[in-house]
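**Q** Any chance you can model this:
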Amino acid sequence: MMLSFGNFTKVGAQGSLAIGNNKLTFQEHVIFKGWKNCVKLSNGSVELIVTTDVGPRIIRFGFVDGPNIFYVSPTDKGKTGGTDWHLYGGHRFWHSPEVAPRTYSPDNSPVNYTWDGTTLKLIQDVEPLTSIVKEIEITLKADKDEVKVMHRMINKSCWNVELAPWSISACAAGGRAIVPQEPYIDPADYLLPIRPIVLWAYTKMTDPRYTWGDKYIQAKQDSLIKSETKIGVLNKQKWVAFYLNKTLFVKTFGYDPNALYPDYGCNNEIYINGDFLEVESLGPLSKILPQGIIEHTEYWSLHKVLLQEEDDSIEKNVLPLVKWNK
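**A** Here you go, the predicted structure:
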């Protein structure tokens, strides 16, 4: 017998780990949007669902019994196999700089996974086009709505490659991204530029989806505007947020002042089209030796917040939540 729970169906075994009054649960073989072999990880407050038929992908992140903060492609959901790259949706792991066909190496095959009681590890087979292996390690706190998502690339080729790890969260329609600006400094005290803001060839500064504020750049997804747009920044504040329907998704990530980042020096990028908005972070460009490894870590948290668009509302309701990154 199958027991239905909203968008997914329990068909397999589960285990749990109790920490104090909280319980971390691991559930195998969950059907989600047509993928038959997903895995669900929950602490009773928030949950993540990952695909193992394709990927590695985190296809759902949200409060238990709440909406998915991530976008799932209606045309790609449940698909497996083939040689064409599919959007699928959710959170994925790419390598930068973006170029076809290398970046668009399909993730249509099953992934292996391990669970040690606290961390779920997703392991992709070697990509035939790139000889790169991608891994994602997911550690959900039992007592807080916080997740450590560690991305790893392993060079299985016989030569050096130069890449930057690139983590991409495709977020649901109707939300907005919040990118912190660098603090204001009086020109009498500091004369040099403080960071790049990078524009893509298809980006228009007059696009109404952007609000270029003094303290924050805000970028909205509007399903009535079908055109694509993208910006990037060197985000020294090391956080970005996505807000939708009183749910705030915060991710923090690294910044190394001595590193070289791709795309004219970006460690944070926002992409929007008519269906979804992507919140992206990038690690430094690195030369990976044969059998060498690079890693890139994001820290996620989920919050229930009533947030307005004004800077004061963001200062009051978002900044106190940007604290967990180690």
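
**Q** S286 and I294 touch, don't they?
**A** Yes. The pair formed by S286 and I294 meets the contact definition of CB atoms under 8 Å, at 4.9 Å. C-beta coordinates here come from the backbone N, C-alpha and C atoms, glycine included.

**Q** Identify the contacts common to those two.
**A** Overlap of the contact sets of S286 and I294 (by CB atoms under 8 Å, 6 or more residues apart in numbering) consists of L163.

**Q** I figured A142 hits L24, correct?
**A** Yes. Here A142 reaches L24: they are 4.2 Å apart, a contact under CB under 8 Å.

**Q** other SSEs contacting the helix or strand containing M153?
**A** Here M153, judged by DSSP states H and E, is contained in strand 146-155. Packing partners of strand 146-155 (3 or more CB pairs under 8 Å, 6 or more residues apart in numbering; DSSP states H and E): strand 90-96, strand 132-140, strand 161-171, strand 293-304.

**Q** need those strands in TSV with mean pLDDT and mean neighbour count, can you?
**A** TSV is the format used below for the helices and strands packed on strand 146-155 (pLDDT from 0 to 100; neighbours: other CB atoms under 10 Å):
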stretch	mean pLDDT	mean neighbour count
strand 90-96	98	24
strand 132-140	98	21
strand 161-171	98	22
strand 293-304	98	19
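
**Q** Which of these sits closest to V46?
**A** Closest approach to V46 among these (CB to CB): strand 293-304, 5.2 Å.

**Q** Looks to me like S313 is in a helix.
**A** Yes. Under DSSP: H, G, I helix; E, B strand; the rest coil, S313 sits within a helix.

**Q** The host helix or strand of E28 pairs with which strands?
**A** Here E28 sits within strand 22-32, counting by DSSP H and E. Strand 22-32 has its sheet partners listed here by DSSP bridges as strand 8-10 (antiparallel), strand 14-19 (antiparallel), strand 35-42 (antiparallel).

**Q** Which stretches in the stretch 201-326 of the chain count as helices?
**A** With DSSP state H, counting those that start in this stretch as the criterion, the stretch 201-326 of the chain has helices at 262-265, 311-317.

**Q** Buried deepest among these, which one?
**A** helix 262-265 (a mean of 17; mean count of other CB atoms under 10 Å).

**Q** centre of the chain versus it, how much separation?
**A** 19 Å (CA atoms, centre = their mean, to the nearest Å).

**Q** residues in contact with it?
**A** S96, P97, A164, W166, P196, V198, G232, L234, E269, L282, L285.

**Q** and the two most separated of those residues?
**A** Maximum pairwise distance in these, criterion CB to CB, is 17.2 Å, between W166 and P196.

**Q** circling back to that earlier point, put together CSV for the helices and strands packed on strand 146-155, with distance to V147 on each row.
**A** Below are these laid out as CSV (distance: least, CB to CB, whole Å):
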stretch, distance to V147
strand 90-96, 10
strand 132-140, 5
strand 161-171, 12
strand 293-304, 4
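
**Q** any weak-confidence spans in this structure?
**A** 1-22, 324-326 (pLDDT under 70).

**Q** And the residue nearest to the spatial centre of it, how close does it get to E315?
**A** In the chain, the centroid-proximal residue (CA atoms, centre = their mean) is S169; its distance is 3.1 Å. To E315, S169 is 24 Å away according to CB to CB, to the nearest Å.

**Q** Same check on L302?
**A** Computed as CB to CB, the L302 to E315 distance reads 20 Å.

**Q** Check L285 too.
**A** Distance check for L285 against E315: by CB to CB, it reads 33 Å.

**Q** residues in contact with the closest residue to I314 other than its chain neighbours?
**A** Of all residues beyond its chain neighbours, the one nearest I314 is Y216 (5.7 Å), with distances taken as CB to CB, 6 or more residues apart in numbering. Counting by CB under 8 Å, 6+ apart, Y216 touches I178, V179, P180, Q181, D311, I314.

**Q** Over to V46?
**A** Counting by CB under 8 Å, 6+ apart, V46 touches F61, G62, F63, V64, L140, D145, V147, L302.

**Q** of all these, which two lie farthest apart?
**A** Among the contacts of V46, V64 and V147 lie farthest apart (CB to CB), at 14.1 Å.

**Q** Name the residue in these two with the higher neighbour count.
**A** Legend: neighbour count by other CB atoms under 10 Å for V64 and V147, higher for V147 (22 against 12).
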